[in-house]
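Engineer: sharing a model that was predicted from the sequence below.
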Amino acid sequence: MTNVLTINQLTYKHNLKTILNDIDLTLETGKIVGLLGENGAGKTTLMRLITGSAKGAGTITVCGDSVTAHHKGHVSFTEQLRGFKSNTRVDRVANFYRLVYPDFDGQRFEELVTFLQIDTSLKLGALSKGMKEKVVIALTLARQTQLYLLDEPFSGIDSMSRKKIISSIIKWKPADATMVISDHYVSEIAPILDEVVIVKDQTIYAHKASDAIREEFGIGIEAYYESLYEGGVSHD
Amino acid sequence: MKFDDKVPIYYQIKNYLYHEMMTGQLKPGDKLPAVRQLAVDLTVNVNTVQRALGEMITENILESKRGKGNFVTTDEQRITQLKEHLVMEQLERVYEQLHALNLTDEQIIDSLKRFIAQRGQQDD
């Protein structure tokens, strides 16, 4: 099994405050990985470091390439479309993606749009929160890459949209690609996770296979995740 | 399908498929849905489905035909064995719990008979 992502001794500071301290992380190809941690633990920061949008100390290798400037080409990240005006139509955004990313697959995008029931003639400003998240997911999964980073794709959206998004992840994730999904609410996605990575105390606090957690401890992913926090409190 | 998050998912997928076979939803010789389709239907990871099917192939419950997919075994004896195994697994749990209540083997059999008699009346 080869590795799609290798992080060595990564440290990131923002305004003299350490967000991530000396972290190491290796992810294999073909996995769905849950990136768990409290709000502000550094999950989004870690994703932005992987794509090269943020710069820290240490090395990050994506698909064997350690040149940060190349990472955006290897990684499909759920951009929140803030760069587009609210009167931009969804199909215009897709056209932009097609121009910018050579790996953007128009056929896949059409399939995803149909499955997620997206009306691409709508303007971004007219989309509900759930619909906007579906658009972001369709754009992200339409790229054919080795590594997908989904930053809290389920926050604040209704359960039907959530189920649709989870199904589209299972359906469209290429077999050899790895997908990292960050969330602070675990139970709904727990059955689809191969592994969990828990960010806590500025570091990778735990990295374990989901079924190994269930087998070793006889508890669910959510209970395990919470136990790490409770354990942390009692040590203080 | 609803999963118990405390139990390994691959194990629950196996039990689900065993159940489908025992109730005749999946008959001997039937072709299973493609791995990704099963994953979508059950809302689980493709790798986890693969692990479950892999174990069932090793157990000779499923037969993998190259390029064609996975099929339920046509070996009736193997299916009978599986049923026996599933029944014993359930009884094991009940037996242990009743033993923990200090029941003797005879008392367990008597209780089970009384239970079935009462249960039969309820169902009528």
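Structural biologist: That came through, no problem.

Engineer: for the residue of chain B found nearest chain A, which non-adjacent residue is closest in space?
Structural biologist: At 3.1 Å from chain A, B:Asp5 is the closest residue in chain B, using CB to the nearest CB. To be clear about C-beta, it is placed using only N, CA and C from the backbone, and glycine gets the same treatment. Excluding the flanking residues, the one nearest B:Asp5 by CB to CB, 6 or more residues apart in numbering or on different chains is A:Gly220, at 3.1 Å.

Engineer: for B:Val46, see how far away the one you found is.
Structural biologist: To B:Val46, A:Gly220 is 21 Å away according to CB to CB, to the nearest Å.

Engineer: and the residue nearest the centre of chain A?
Structural biologist: In chain A, the C-alpha closest to the average C-alpha coordinate belongs to A:Leu150, at a distance of 2.4 Å (CA atoms, centre = their mean).

Engineer: which strand residues bridge it?
Structural biologist: With DSSP bridges as the criterion, the beta-bridge partners of A:Leu150 are A:Ile181.

Engineer: what residues are up against it?
Structural biologist: A:Thr78, A:Ile137, A:Thr140, A:Ile169, A:Met179, A:Val180, A:Ile181, A:Ser182 (CB atoms under 8 Å, 6 or more residues apart in numbering or on different chains).

Engineer: how many neighbours does the fourth one have?
Structural biologist: Read it as A:Ile169. 23 (other CB atoms under 10 Å in any protein chain shown).

Engineer: mind checking the SS state of A:Glu230?
Structural biologist: Following DSSP: H, G, I helix; E, B strand; the rest coil, A:Glu230 is assigned to helix.

Engineer: and the pLDDT at it?
Structural biologist: We have a pLDDT of 78 for A:Glu230.

Engineer: from A:Ala223, how far out is it?
Structural biologist: Distance from A:Glu230 to A:Ala223, by CB to CB: 10 Å.

Engineer: coming back round to it: which of the contacts of A:Leu150 are buried?
Structural biologist: A:Thr78, A:Ile137, A:Thr140, A:Ile169, A:Met179, A:Val180, A:Ile181, A:Ser182 (16 or more other CB atoms under 10 Å in any protein chain shown).

Engineer: and the host helix or strand of B:Tyr10, what other elements does it pack with?
Structural biologist: Remark: B:Tyr10 resides in helix B:9-22, with elements defined by DSSP states H and E. Judged by 3 or more CB pairs under 8 Å, 6 or more residues apart in numbering or on different chains; DSSP states H and E, the packing partners of helix B:9-22 are helix A:210-217, helix B:35-42, helix B:46-58, helix B:76-100.

Engineer: any chance of TSV for these, columns mean neighbour count and mean pLDDT?
Structural biologist: Formatted as TSV, those follow (neighbours: other CB atoms under 10 Å in any protein chain shown; pLDDT from 0 to 100):
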stretch	mean neighbour count	mean pLDDT
helix A:210-217	18	94
helix B:35-42	18	95
helix B:46-58	19	96
helix B:76-100	12	93
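
Engineer: what would those helices look like in CSV with distance to A:Leu193?
Structural biologist: Shown next, in CSV, are the helices and strands packed on helix B:9-22 (distance: least, CB to CB, whole Å):
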stretch, distance to A:Leu193
helix A:210-217, 5
helix B:35-42, 13
helix B:46-58, 9
helix B:76-100, 27
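
Engineer: which of these sits closest to A:Glu110?
Structural biologist: Taking CB to CB, helix B:35-42 is the member of those nearest to A:Glu110, at 18.6 Å.

Engineer: against which helices or strands is the closest one packed?
Structural biologist: Applying 3+ CB pairs under 8 Å, 6+ apart, one finds that helix B:35-42 contacts helix A:159-172, helix B:9-22, helix B:46-58.

Engineer: go again using 7 Å as the cut-off
Structural biologist: helix A:159-172, helix B:46-58 (3 or more CB pairs under 7 Å, 6 or more residues apart in numbering or on different chains; DSSP states H and E).

Engineer: can I get the ones you listed in CSV with distance to B:Val87?
Structural biologist: Listed next are these as CSV, based on distance: least, CB to CB, whole Å:
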stretch, distance to B:Val87
helix A:159-172, 33
helix B:46-58, 18
